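Undergrad: no sequence on this one, just coordinates:
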């Protein structure tokens, strides 16, 4: 194959399942050393397209194309035996979830050695040396030690690097990377994308699959945008990002929070239920609590003094580890959340964000320090003393489905949140359930459906409705949009903004996504290794960061997320 020939040529690709088309008329080429990014949301057909190129479209699929050439070979109609000779050797595949892609019972070194053992003809000693070389090439420290570990002993970033090493072990002609950084923190994702970018220097062509235009901006040479199984726009990266022609591409770019001030809409304007729902005046104040302003007046303070609705002082928490010293998850963390404001908490996995949130919720007890709710002791009192006040504090989690009782319908889940344990019959709360569904932009007929049958965006809206059911004044949002496509993420962030303005809610908003934190937060805490390394007004921290770790986080963000 000459250097000018493409390593991948696709013309008029159609993929259907049981007569239903999911990919229609897709065409593109990838040349040696080139990276083509195929971008689209869940259900757009991008992953089905990628899998069809290597004979893995799935059971019941029908794949048809005028041309389907991989590494100079027509792969239409290949047997599975013929495919096995191509996968790994000529085509490397990097999947999103390295934890499930790697065998948890086998050592990493053995996983990488498989492709070498099957395809290379190298001796055992030569293969072992090649494994060390690959692990070092993808940036893993102490390759000898990492090769002897299993996937469960590695961090997410380490697992993804090991998967890259396995995929490129035989210097494949084509690399297909399907959402390779979706589950990774900003600095780790940046490092992984840099490694993928370096692979092009060996002459490998790359097809990079992503739902996030920001994620591909630093690596891709050209971008093809998919919607509903079709490519709606393609071109050089600079053209697509700076001068998008198709409305869908423009909507994807507009949904990126970077550079959008507080309370600026990210999703297309529409009649917003959150601004018109029938919420009786005054119901946001939990019973037994007085407003911060009333507390100020009662204490005779000046009118411009505002007391925090949630505060923490010197929080510390450690967890025992088998055969080792205790793991210090949180150390000396303090913060104040003021009425009607959002305090963002940003940091990588393991920085202590979620442990801090669980202490704030009263789900785990601090080893030292305390949490106060509306100026009164919260973490220091037993659960029996918190129970009457718990309705004023709600939570929204990253994966709502895992937090729902799978036996309950949507209506029953909301009825359960509305009741005090007496009944979860939706009929007894039908009016309020309909109000909550309307408030978060869900149709009333959703009440009869099981949450498992809802889309990701619908489930997150349901999680917000459930959190709002007891009329809380404070919501703790722990990565509430990290699992969503960019346009669905934009809709949920807009909804949270609208609810905050209408209901006067205060948010403790946790995320590893810098652009989301900057868009949503009035103030921010930057956490690293269980400690707060920087805090202050959001724009001040993002514009003139004082700590080297904050500067490193900002530098690692993709160009679009930095607002460039």
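TA: Happy to help now that I have it. No experiment lies behind these values; they were computed from the predicted model shown. Residues are numbered from 1 along each chain as shown.
Undergrad: Tell me, please, where in the stretch 401-550 of the chain the pLDDT is lower than the cut-off.
TA: Residue ranges of the stretch 401-550 of the chain with pLDDT under 70: 420-426.
Undergrad: Then the stretch 151-300 of the chain?
TA: Checking the stretch 151-300 of the chain against pLDDT under 70 turns up 183, 269-300.
Undergrad: Show me the strands in it, by range?
TA: Using DSSP state E, counting those that start in this stretch, the strands of the stretch 151-300 of the chain run over residues 174-178, 205-210, 222-227, 230-236.
Undergrad: Residue 350 belongs to a helix?
TA: No. Judged by DSSP: H, G, I helix; E, B strand; the rest coil, residue 350 forms no part of a helix; its state is coil.
Undergrad: backbone phi and psi for it, please?
TA: phi 90, psi 0 (degrees, to the nearest 10).
Undergrad: what about it, neighbour count?
TA: Using other CB atoms under 10 Å, residue 350 is surrounded by 17 other residues. Heads up, the C-betas are built off the backbone N, CA and C, glycines and all.
Undergrad: same check, this time on residue 17
TA: Using other CB under 10 Å, residue 17 has 14 neighbouring residues.
Undergrad: swap in the one 5 residues further on?
TA: Other residues within reach of residue 22 by the criterion other CB under 10 Å amount to 18.
Undergrad: what separates the residue most central in space within the chain from residue 315, distance-wise?
TA: Per CA atoms, centre = their mean, the C-alpha nearest to the average position across the chain is that of residue 482, at 2.7 Å. Residue 482 sits 23 Å away from residue 315, going by CB to CB, to the nearest Å.
Undergrad: The residue lying closest to residue 42 once chain neighbours are set aside and residue 47: what is the separation?
TA: Closest residue to residue 42 apart from its sequence neighbours, by CB to CB, 6 or more residues apart in numbering: residue 485 at 5.5 Å. Relative to residue 47, residue 485 is positioned 13 Å away (CB to CB).
Undergrad: again, but for residue 339
TA: 44 Å.
Undergrad: hang on, the earlier thing: quick check, the residue nearest to the centre of the chain in contact with residue 511.
TA: Yes. Using CB atoms under 8 Å, residue 482 is in contact with residue 511, at 6.6 Å.
Undergrad: So which elements touch the longest strand seen in the chain?
TA: Here the longest strand in the chain is taken by residue count, with DSSP state E as the criterion, and it is strand 324-337. Packing contacts for strand 324-337, counted by 3 or more CB pairs under 8 Å, 6 or more residues apart in numbering; DSSP states H and E, involve strand 310-321, strand 342-346, helix 353-361, strand 368-373, strand 506-511, strand 523-528, strand 531-537.
Undergrad: Can you list the buried residues in it?
TA: Neighbour counts using 16 or more other CB atoms under 10 Å place 329, 330, 331, 333, 335, 336, 337 of strand 324-337 among the buried residues.
Undergrad: Can you check what angle separates that strand from strand 531-537?
TA: Interaxial angle of strand 324-337 relative to strand 531-537 (axes from the mean of the first three to the mean of the last three CA atoms, to 10 degrees): 10 degrees.
Undergrad: List the neighbouring strands of strand 324-337 plus their orientation.
TA: Looking at strand 324-337 with DSSP bridges, its partner strands are strand 310-321 (antiparallel).
Undergrad: What strand or helix carries residue 481?
TA: Assigned by DSSP states H and E, residue 481 falls within no helix or strand.
Undergrad: That one touches residue 492, doesn't it?
TA: Yes. When contacts are counted by CB under 8 Å, residue 481 is listed as touching residue 492 (5.2 Å).
Undergrad: okay, and the common contacts of those two?
TA: residue 460 (CB atoms under 8 Å, 6 or more residues apart in numbering).
Undergrad: quick one, domains of this protein?
TA: 8-254, 289-406+450-556 (automatic domain parsing).
Undergrad: Buried residues, stretch 104-111. List them.
TA: 107, 108, 109, 111.
Undergrad: quick one: the last one is in a helix?
TA: Right, the one you point to is residue 111. Yes. Looking at residue 111 with three-state DSSP, it is inside a helix.
Undergrad: Show the contacting residues for it.
TA: Residue 111 neighbours (CB under 8 Å, 6+ apart): 102, 103, 151, 162, 166.
Undergrad: Keep only those of these that are in helices.
TA: 162, 166 (DSSP state H).
Undergrad: Just send the contacts of residue 111 back as JSON lines, with neighbour count too.
TA: Compiled in JSON lines, the contacts of residue 111 are given as follows (neighbours: other CB atoms under 10 Å):
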{"residue": "102", "neighbour count": "23"}
{"residue": "103", "neighbour count": "13"}
{"residue": "151", "neighbour count": "21"}
{"residue": "162", "neighbour count": "26"}
{"residue": "166", "neighbour count": "26"}
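Undergrad: Could you point out which of the contacts of residue 111 is nearest to residue 530?
TA: residue 151 (24.9 Å; CB to CB).
Undergrad: re the thing from before, compute the inter-axis angle for the longest strand of the chain and strand 523-528.
TA: Using the same axes, to 10 degrees: strand 324-337 against strand 523-528 is 170 degrees.
Undergrad: any idea of the mean pLDDT for strand 324-337?
TA: Summarised as a single mean, pLDDT over strand 324-337 is 92.
Undergrad: Quick one: distance of that strand to the chain centre.
TA: 24 Å (CA atoms, centre = their mean, to the nearest Å).
Undergrad: i'd like the first residue to be 29 from this point on
TA: Shifting the count to begin at 29 puts that one at strand 352-365.
Undergrad: What lies in contact with that strand?
TA: 336-349, 371, 373, 380, 383-384, 387, 394, 397, 502, 534-536, 553, 555, 558-560, 563.
Undergrad: Just the buried subset of these, please.
TA: The buried subset of the contacts of strand 352-365 - by 16+ other CB under 10 Å - is 336-341, 343-346, 371, 373, 380, 383-384, 387, 394, 397, 502, 534-536, 553, 555, 558-560, 563.
Undergrad: picking that back up, in CSV: the contacts of residue 139, plus distance to residue 496.
TA: Shown next, in CSV, are those (distance: CB to CB, whole Å):
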residue, distance to residue 496
130, 40
131, 43
179, 39
190, 42
194, 45
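Undergrad: now, among the contacts of residue 139, which is nearest to residue 147?
TA: Proximity of the contacts of residue 139 to residue 147, judged by CB to CB, is greatest for residue 194, which lies at 12.2 Å.
Undergrad: who's in contact with the residue lying closest to that closest one once chain neighbours are set aside?
TA: Using CB to CB, 6+ apart and skipping residues adjacent in sequence, the residue nearest residue 194 is residue 140, 4.7 Å away. Neighbouring residues of residue 140 by CB under 8 Å, 6+ apart: 159, 162, 163, 175, 190, 193, 194, 197.
Undergrad: just the residues you listed now: which is nearest residue 568?
TA: Among the contacts of residue 140, and counting by CB to CB, the member closest to residue 568 is residue 190, at 39.2 Å.
Undergrad: what about the residue lying closest to the closest one once chain neighbours are set aside, distance to residue 181?
TA: Leaving aside its sequence neighbours, residue 190 sits nearest to residue 136 (CB to CB, 6+ apart; 4.9 Å). Applying CB to CB, the value for residue 136 to residue 181 is 9 Å.
Undergrad: just residue 547 next, same as before
TA: 36 Å.
Undergrad: Have a look at those two and say which one is more surrounded.
TA: Between residue 547 and residue 181, residue 547 has the larger neighbour count (other CB under 10 Å), namely 24 against 14.
Undergrad: surely that one meets residue 521?
TA: Yes. Here residue 547 reaches residue 521: they are 6.8 Å apart, a contact under CB under 8 Å.
Undergrad: Which neighbours do the two have in common?
TA: 285, 294.
Undergrad: Pipe the strands of the stretch 179-328 of the chain into a markdown table and attach distance to residue 87 per row.
TA: Below are the strands of the stretch 179-328 of the chain laid out as a markdown table (distance: least, CB to CB, whole Å):
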| stretch | distance to residue 87 |
| --- | --- |
| strand 202-206 | 19 |
| strand 233-238 | 21 |
| strand 250-255 | 23 |
| strand 258-264 | 24 |
